[in-house]
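Peer 1: structural data only, the sequence is not supplied:
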């Protein structure tokens with residue numbers, strides 16, 4: 001399956017957040033592209049799936065456990081299911097690709 005830009009409409013989320021989803025089989029994996037504007041924060045939360053995120057552009061600060069990391073283009077971060085993490089600061093507009101394990105039925 002091929003996803004061209006015209007195949008992936010932008011879904012607005014809360015203020016300062018948007019998402020695009022390529023064509024894929026979510027029973028095999030989840031794939032999402034998220035864009036965050038400066039000022040957006042995500043308080044501590046966990047997911048019921050494992051995720052790996054790749055920073056395409058921009059800079060942000062992410063906290064996992066008691067450590068905070070500066071992530072910029074080319075950085076990855078992995079979050080096992082159930083791991084609390086928090087985006088504490090979007091320094092400049094960030095676009096990231098997130099790939100996750102399938103949701104359990």
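Peer 2: Received the coordinates, thanks. Please read all numbers here as calculations on a predicted model, not as lab measurements.

Peer 1: poorly predicted segments of the protein, please.
Peer 2: 105 (pLDDT under 70).

Peer 1: so which bits of the helix or strand hosting residue 95 are buried?
Peer 2: Taking DSSP states H and E as the definition, one finds residue 95 inside strand 85-100. Under the neighbour-count criterion of 16 or more other Cβ atoms under 10 Å, strand 85-100 has 85, 87, 89-90, 94-98, 100 buried. (C-beta placed from N, C-alpha, C; glycine too.)

Peer 1: just those now: which is nearest residue 10?
Peer 2: residue 95 (11.4 Å; Cβ to Cβ).

Peer 1: I'd guessed the closest one sits against residue 37; true?
Peer 2: No - counting by Cβ atoms under 8 Å, residue 95 stays clear of residue 37, with 10.7 Å between them.

Peer 1: quick one, strands of the protein?
Peer 2: 11-12, 17-20, 30-36, 42-45, 51-64, 67-71, 76-79, 85-100 (DSSP state E).

Peer 1: with distance to residue 1 added, can I get the ones you listed in a markdown table?
Peer 2: Below are the strands of the chain laid out as a markdown table (distance: least, Cβ to Cβ, whole Å):
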| stretch | distance to residue 1 |
| --- | --- |
| strand 11-12 | 19 |
| strand 17-20 | 15 |
| strand 30-36 | 11 |
| strand 42-45 | 30 |
| strand 51-64 | 20 |
| strand 67-71 | 29 |
| strand 76-79 | 24 |
| strand 85-100 | 15 |
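
Peer 1: next up, the contacts around residue 87.
Peer 2: By Cβ atoms under 8 Å, 6 or more residues apart in numbering, the residues touching residue 87 are 36, 40-42, 60-63.
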